[in-house]
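Undergrad: Output the structure for:
(chains A and B)
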Amino acid sequence: MSDCVSIVIVSHSAEVAKGAADMVREMVGDEVRVAHCGGNPEGGLGTNVPAIIEAIRSVYGPQGVALLIDLGGAETNSEMAIEMLPAEMQDRIVICNAPIVEGAVMAATEAAGGSSLAEVRATAEEFLS
Amino acid sequence: MAPDLLPRLIAATAATIAAHTEELTTLDQAIGDGDHGVNMKRGFDAIAAAAEEIGAQPLGGALQKAGMTLVMNVGGASGPLYGSLLMGLGKAAGQDGDPDIAAMLAEGVAAVKKRGKSEAGEKTMLDVLVPVLEALRAAEPGGLTAAARAAADRGLAATEDMLATKGRASFLGERSVGHLDPGARSSALLVHAVCDVIEGKA
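TA: Got it, this is the predicted structure:
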């Protein structure tokens, strides 16, 4: 359903990213679109900009996209990827400052109820408070 | 600009990264995740592989294309960070005539600070790049490369006693003290490689 916020999971590990996405689908269902990516361009641990761009594009919709990411380079590469997308898309993509697995499940749960991007992000980030 | 400047810059920077891949990896294993050497090598190999296409452009366009090549190929934070550095350099390179290298580096350093949300003194590549920029601004026209080399070495050495507050190394807290920063090391290597080319040694 394209009237929900979508979720993108970016981990250094392709398996962590896939596992987190599996947990979201298991716990929240399929109404929220979830994409995931992980690994460097050669398939080792890392994150890479082209894969992040592709993941965002694959689930992007008018309600926006919330990214859940893991460590250091995942943030730098995600910010770079967002800046390389068209300006009108950039305004509807946020990086949540939240643990990747718990944040993804929380964000997706909030998104499934039709909440706005800001609400989805706030819910994911509740783990920090 | 000398017609063979770009191919020489591309070859010299790729060669120094390739020659020091293991050293960068070892430094990064101490305080990071140990991928800096291979990530940098992947990026600079990709630039070398596109040398013909990059070299066909004027300096500014070539640097921006090389920066984008790093962004798309590295697979770690060093991709956007070094990519932003090169794109910043390229943006300030101007259209023709002799480029103002201090003005270029100022733009590059600003781009790295923005991308990394960081300043000098936080045990990063900026601890080499910022002193090099200051040295270039203060140097006599004939002494640019000597000043840049000395500032790079000095800046790199200073990272050993710094406490990391950015990147993976910040998780280590006090334990990051006593190690050179791998990003500062790769920046120093690149400064020396560029100086080699400008001095006609590579």
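Undergrad: Kindly state the pLDDT recorded for the residue of chain B found nearest chain A?
TA: Closest contact between chain B and chain A, by CB to the nearest CB, is at B:G75 (2.7 Å). Quick note: C-beta positions are derived from backbone N, CA and C, even for glycine. pLDDT recorded at B:G75 is 89.
Undergrad: repeat for A:S129
TA: On the pLDDT scale, A:S129 gets 65.
Undergrad: which one is B:I17 nearest to, not counting chain neighbours?
TA: B:F44 (4.4 Å; CB to CB, 6 or more residues apart in numbering or on different chains).
Undergrad: In three-state terms, how would the one you found be classified?
TA: helix (DSSP: H, G, I helix; E, B strand; the rest coil).
Undergrad: go on, B:M68?
TA: helix.
Undergrad: ok, it - how many residues close by?
TA: Look at B:M68: counted by other CB atoms under 10 Å in any protein chain shown, it has 20 neighbours.
Undergrad: repeat for A:I95
TA: Quick note: A:I95 (other CB under 10 Å) scores 19 neighbours.
Undergrad: circling back: hmm, the residue of chain B closest to chain A is touching A:G46, no?
TA: Yes. Applying CB atoms under 8 Å, one finds B:G75 in contact with A:G46, separated by 3.8 Å.
Undergrad: Off-centre distance for stretch A:103-113?
TA: 11 Å (CA atoms, centre = their mean, to the nearest Å).
Undergrad: nope, stretch B:15-26 is what I meant
TA: On CA atoms, centre = their mean, the centre of stretch B:15-26 falls 13 Å from the chain's centre.
Undergrad: B:D161: neighbour count?
TA: 11.
Undergrad: Give me the secondary structure label for the residue of chain A at minimum distance from chain B.
TA: Here the residue of chain A nearest chain B is A:N40; by CB to the nearest CB that distance is 2.7 Å. Judged by three-state DSSP, the three-state class of A:N40 is coil.
Undergrad: Can you name the residues of chain B sitting close to chain A?
TA: B:33, B:35, B:38-39, B:42, B:71-81, B:83-84, B:115-116, B:167-168 (CB under 8 Å from any CB of the partner chain).
Undergrad: mind running it again at 10 Å?
TA: B:32-35, B:38-39, B:42-43, B:46, B:68, B:70-81, B:83-84, B:114-117, B:166-171 (CB under 10 Å from any CB of the partner chain).
Undergrad: Weed out the non-buried ones from these.
TA: B:32-35, B:38-39, B:42-43, B:46, B:68, B:70-81, B:83-84, B:115-116, B:166-169 (16 or more other CB atoms under 10 Å in any protein chain shown).
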